[in-house]
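In: Okay, here's the prediction I keep looking at, along with the sequence it came from:
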Amino acid sequence: MAKQPAQVAAMFDTVAESYDRTNDLLSFGQDRLWRKKVLKAVNPQPGQTILDLAAGTGSSSVVFAKEGVKVIASDFSEGMLAVGRKRHPELEFVYADATKLPFKDASVDAVTISFGLRNVNEPKTALKEMLRVLKPGGTVVICEFSQVSVPVIRSFYNFYLKKVLPRLSSLLASNQGAYEYLAESIMAWPKQTELVKWLTDAGFVEANYKNLSFGVVALHSAKKGK
């Protein structure tokens, strides 16, 4: 599985219109619960700027939008951004490569990325970019598919990824290849503790994680030192 940025972006372009609906069905509605957990972890306050990377159509960004909070939704798929601008005109959408963010040093209060770091060609470089744009004391929150912690559930989940997901995606998705890629990228993603190490190596402090849905998803958070 080679993550060539242009090819990954083009793949997401093709599923932009149906992406949110398909994800909701394939996750059995759990994606809504996960977004609430991300919102709680970020805890946006009036006067703050929240940068949401890999925001797609803005479904992960809109939860941060409240009075006095500036939300920047960014993605490297122009197709996703186009759909997002139509659905959420209240948000600011910006094209951005996570490994070369077009934002100034120490310019945002929080950076979040949900189900997107896995798609970045150089995730460790992306983490360093997140640290760069964060203000001192700022928070990064990463919500990503991870390694299931319970053996019995892990076996069922792996079966779902390998056998059930491809069949469902062939019925629900306009681009089945995008969801075959999804399964492959999840199985290739490192364990929770490895991502903690990546955050620490990038220069973050207080890196930790919390499993959601038995580890199907892990919520990692860390801070930029003051």
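Out: Nice, I can see it. Residues are numbered from 1 along each chain as shown.

In: all contacts plus neighbour counts: C-alpha atoms, from now on.
Out: OK.

In: May I have the secondary structure class of P44?
Out: At P44 the chain is in coil, as set by DSSP: H, G, I helix; E, B strand; the rest coil.

In: Contacts only, for it.
Out: Taking Cα atoms under 8 Å, 6 or more residues apart in numbering as the criterion, P44 is in contact with I50, F64, V69.

In: again, only using 6 Å
Out: Listed by Cα atoms under 6 Å, 6 or more residues apart in numbering, P44 has no contact partners.

In: Could you pick out the longest strand of this structure?
Out: strand 134-145 (DSSP state E).

In: The closest residue to D109 other than its chain neighbours: how many residues sit nearby?
Out: Excluding its sequence neighbours, the residue lying closest to D109 (Cα to Cα, 6 or more residues apart in numbering) is G138, at 5.0 Å. Per other Cα atoms under 10 Å, the neighbour tally for G138 reads 21.

In: Tell me how far G138 lies from V62.
Out: 20 Å (Cα to Cα, to the nearest Å).

In: Quick one: name whatever helix or strand follows the longest strand of the chain.
Out: Using DSSP states H and E, the helix or strand that follows strand 134-145 in sequence is helix 151-159.

In: Just the buried positions in that next one, please.
Out: R154, Y157, N158 (16 or more other Cα atoms under 10 Å).

In: for it, what is the average pLDDT?
Out: For helix 151-159, the mean per-residue pLDDT is 86.

In: Could you export that helix as CSV, CA atoms only?
Out: Taking C-alpha atoms only, helix 151-159 is exported to CSV below (Å, rounded to 0.1, in the frame of the first residue of the first chain):
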residue,chain,number,x,y,z
PRO,A,151,-8.7,-10.4,21.6
VAL,A,152,-12.3,-11.7,20.9
ILE,A,153,-13.4,-8.3,19.6
ARG,A,154,-10.1,-8.0,17.7
SER,A,155,-10.8,-11.2,15.8
PHE,A,156,-14.4,-10.1,14.9
TYR,A,157,-13.1,-6.6,13.9
ASN,A,158,-10.4,-8.0,11.6
PHE,A,159,-13.0,-10.2,10.0
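
In: just checking, A73 is part of a helix?
Out: No: judged by three-state DSSP, A73 forms no part of a helix; its state is strand.

In: Report pLDDT for it.
Out: pLDDT recorded at A73 is 97.

In: does it really touch D52, like I thought?
Out: Yes: between A73 and D52 there is a contact at 5.0 Å, judged by Cα atoms under 6 Å.

In: any chance you could map the strands in the protein?
Out: Going by DSSP E, the chain shows strands at 49-53, 70-75, 92-95, 108-114, 134-145, 205-212, 217-223.

In: most packed of those strands?
Out: Burial of these is given as mean neighbour count (mean count of other Cα atoms under 10 Å); strand 49-53 ranks first at a mean of 26.

In: for the residue most central in space within the chain, what are its contacts?
Out: Closest residue to the average C-alpha location of the chain: S114 at 1.9 Å, with Cα atoms, centre = their mean. S114 is in contact with I142, C143, E144, counting by Cα under 6 Å, 6+ apart.

In: if we go to 10 Å?
Out: 34-35, 38, 52-56, 60-61, 141-145, 219 (Cα atoms under 10 Å, 6 or more residues apart in numbering).

In: Return the closest of those with respect to I186.
Out: F145 (6.2 Å; Cα to Cα).

In: who's that closest one bridged to?
Out: V217 (DSSP bridges).
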